[in-house]
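Enquirer: model this:
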Amino acid sequence: MALHFSVLASGSTGNAFYVGTDKKKLLVDAGMSGKQLEQLFQGVDVNPKNLDGILVTHEHSDHIKGIGVFARRYNLPIYANEKTWKAMDGLIGKIPTEQKFTFDMGTVRSFGNLDVESFGVSHDAAEPMFYVFHHDGKKVALVTDLGYVSDRIKGTVKGADALVFEANHDVSMLQMGHYPWSIKRRILSDVGHVCNEDAGLALADIIGDKTKRIYLAHLSKDNNMKDLARLTVAQTLEEQGFKIGETFDLYDTDPKTPTPMYFV
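Expert: Residues are numbered from 1 along each chain as shown. Okay, the predicted model is just below:
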């Protein structure tokens, strides 16, 4: 079975990502209740009993809310870097020692025939990191919770067959919205989140000949809309000379509905 994945849930209210091969199946983050997570897995016909582990990106609640419950229920190992483990202390309940594993930033860890490469991002967490998944010459990159997209990140994810990429907010909607100025400033900062236009500009440097699908992820519930994100990113890419629908397509993600399983 080829490398395959589903964005189970994505948005400011909760995030979870499934990726697998014929031999290994992983969950990245679990920012919702165990019951919600089970329903999401049911939606893509995956049995959580067959998972081989959970990878953690960072300790914010929209990424770890259900991790402890889910790991205990299905006896799953959890992988996170040391600073994230410390930051999660007291947030995910007691995890048995035999289920706790360290996955250092900037390293590659092999899960059978699935190689997982971790890389750091600029976000206001202890040591946030995301992942690129490699199997049989195919490459899938998961990249959200970015204050800005560095050249190092671009180089790491460049040319992926599929990208799950943050388009968190529309700047005008955020500026005119009801959030306190301190929160607006945090979102707009280098340790906050990437706006639609900046997502398009970054993607222009990342898309390669093999890139077939881009999923716009982690949309703000209050400061973005699917149509607006897709339109802005598409316009930005077209201004950079790309033609959506010819070599690659843009896809939405949703906080409550998983994307159909895609085989890369």
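Enquirer: Let me see the ranges of the strands in the stretch 1-150 of the chain.
Expert: Applying DSSP state E, counting those that start in this stretch to the stretch 1-150 of the chain gives strands spanning 4-9, 16-20, 25-28, 53-55, 78-80, 100-102, 108-111, 114-120, 129-135, 138-143.
Enquirer: In terms of secondary structure, what does the fourth one contact?
Expert: Strand 53-55 makes packing contacts with strand 25-28, helix 67-74, strand 78-80 when contacts are defined by 3 or more C-beta pairs under 8 Å, 6 or more residues apart in numbering; DSSP states H and E. Placement of C-beta: from N, CA and C, glycine included.
Enquirer: contact partners of it?
Expert: 26-30, 67, 70-71, 76-80, 101, 103, 111, 116, 131 (C-beta atoms under 8 Å, 6 or more residues apart in numbering).
Enquirer: Mark which of those residues are buried, thanks.
Expert: If you count burial by 16 or more other C-beta atoms under 10 Å, the buried members of the contacts of strand 53-55 come out as 26-30, 67, 70-71, 76-80, 103, 111, 116, 131.
Enquirer: What is the burial count for Glu127?
Expert: Glu127 has 19 neighbouring residues, counting by other C-beta atoms under 10 Å.
Enquirer: now swap in Gln36 and tell me
Expert: Neighbours of Gln36 under the rule other C-beta under 10 Å: 18.
Enquirer: Do I have it right that it meets Gly66?
Expert: Yes: if you go by C-beta atoms under 8 Å, Gln36 and Gly66 touch, sitting 7.2 Å apart.
Enquirer: For the closest residue to Ile187 other than its chain neighbours, what are phi and psi?
Expert: Taking C-beta to C-beta, 6 or more residues apart in numbering, and ignoring the residues beside it in sequence, Ile187 has His193 as its nearest neighbour in space, at 5.3 Å. Torsion angles at His193 (phi, psi; degrees, to the nearest 10) stand at phi -140, psi 160.
Enquirer: Would you verify that Tyr215 is located in a strand?
Expert: Yes: per DSSP: H, G, I helix; E, B strand; the rest coil, Tyr215 lies within a strand segment.
Enquirer: For Lys243, find the nearest of the helices and strands packed on strand 53-55.
Expert: Lys243 sits nearest to strand 25-28 of all those, at 30.7 Å, using C-beta to C-beta.
Enquirer: List the strands paired with that closest one, with their directions.
Expert: Strand 25-28 has the following sheet partners, assigned by DSSP bridges: strand 16-20 (antiparallel), strand 53-55 (parallel).
Enquirer: what residues are up against Asn81?
Expert: 102-105, 118, 127, 129.
Enquirer: try 7 Å
Expert: Taking C-beta atoms under 7 Å, 6 or more residues apart in numbering, we find Asn81 in contact with 102-105, 127, 129.
Enquirer: swap in Lys212?
Expert: 161-162, 248.
Enquirer: Can you get me a residue count around Glu239?
Expert: A count of nearby residues for Glu239, using other C-beta under 10 Å, gives 11.
Enquirer: for it, what are its contacts?
Expert: No contacts exist for Glu239 under C-beta under 7 Å, 6+ apart.
Enquirer: Check the gap between it and Leu231 for me.
Expert: Going from Glu239 to Leu231 by C-beta to C-beta, to the nearest Å gives 12 Å.
Enquirer: Then Val7?
Expert: 20 Å.
Enquirer: Compare the two and say which is more crowded by neighbours.
Expert: Comparing Val7 with Leu231 by other C-beta under 10 Å, the one with more neighbours is Val7, at 29 against 13.
Enquirer: So what pairs up with the more buried one in the strands?
Expert: Taking DSSP bridges as the rule, Val7 bridges to Phe17.
Enquirer: Report pLDDT for it.
Expert: Here the pLDDT value assigned to Val7 is 98.
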